[in-house]
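Undergrad: sequence plus predicted model, see below.
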Amino acid sequence: MFKNFFSFLFELVKIIVISLAIIFPIRYFLIQPFYVKGASMEPNFFDQEYLIINEIDYRFNEPQRGDIVVFRYPRNPQEYFIKRLIALPGEKIQFRAGDIYIINKDNPGGILLEEPYLPVDLKTYSLSEEIVTVGENQYYLLGDNRNSSKDSRSFGPVDKSFFIGKVMLRGWPFDRIRYFDHQPYNL
């Protein structure tokens, strides 16, 4: 009787150890769950949606305009934010009459950023129409709900070192499950 119990216990411990050996590296180095909190990414992401974050992609590839990024808030790294990447290192961004213009080597006069994932009538305003330069290894991030988002307009460009990863999959609610691929831009 004790022999069967110890055999069962040994098998259970082996299963737990093997499971942890598989799950731990995946959870801490490859993908991570994330819950959306707040309304800053509506209408594309709503409060309490469950997301899977790809943590490994930015170790091998540079972030791209349009990526939906989860990052640590630069002013309090214990808080996590989710925002859309709008401007890349070395670019300049300007807000004019509710529109966003990207200034870079290909568009020195600036080019209107078209955002098909947002409502057509949505305007993006900033406290200033001054041109903001995005520094080396920094990115300009905005929430999709531009009128209710705390983003780079208030805390400035975000250094890549604060990035956790990019949104890969919405897993909950079931009626909104979606895989997120790169959002192409015509710049």
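TA: Arrived safely, thanks for sending.

Undergrad: next one: phi and psi at the residue most central in space within the chain?
TA: In the chain, the centroid-proximal residue (CA atoms, centre = their mean) is Val69; its distance is 1.2 Å. Backbone torsions for Val69, taken as degrees, to the nearest 10, come to phi -110, psi 140.

Undergrad: for the lengthiest strand in the chain, what is the average pLDDT?
TA: Determined from DSSP state E, the single longest strand within the chain is strand 76-87. Summarised as a single mean, pLDDT over strand 76-87 is 90.

Undergrad: need the helices for the chain, in chain order.
TA: 2-25, 57-60, 152-155 (DSSP state H).

Undergrad: hey, least reliable of the ones you listed by pLDDT?
TA: When the helices of the chain are compared on average pLDDT, helix 2-25 comes out lowest at a mean of 63.

Undergrad: show me what the longest strand of the chain packs onto, helices and strands only.
TA: strand 68-73, strand 99-104, strand 138-142 (3 or more CB pairs under 8 Å, 6 or more residues apart in numbering; DSSP states H and E). C-beta coordinates here come from the backbone N, C-alpha and C atoms, glycine included.

Undergrad: mind listing what's buried along the second one?
TA: By neighbour count, with 16 or more other CB atoms under 10 Å as the criterion, the buried positions of strand 99-104 are Ile100, Tyr101, Ile102, Ile103, Asn104.

Undergrad: helices and strands around that strand, which ones?
TA: Judged by 3+ CB pairs under 8 Å, 6+ apart, the packing partners of strand 99-104 are strand 76-87, strand 92-96, strand 107-112.

Undergrad: paired strands for the longest one, with orientation please.
TA: Same thing as strand 76-87. strand 68-73 (antiparallel), strand 138-142 (antiparallel) (DSSP bridges).

Undergrad: and these, which is most packed in?
TA: strand 138-142 (a mean of 25; mean count of other CB atoms under 10 Å).

Undergrad: now it, how far from the centre of its chain.
TA: With CA atoms, centre = their mean, to the nearest Å as the basis, strand 138-142 stands 10 Å off its chain's centre.
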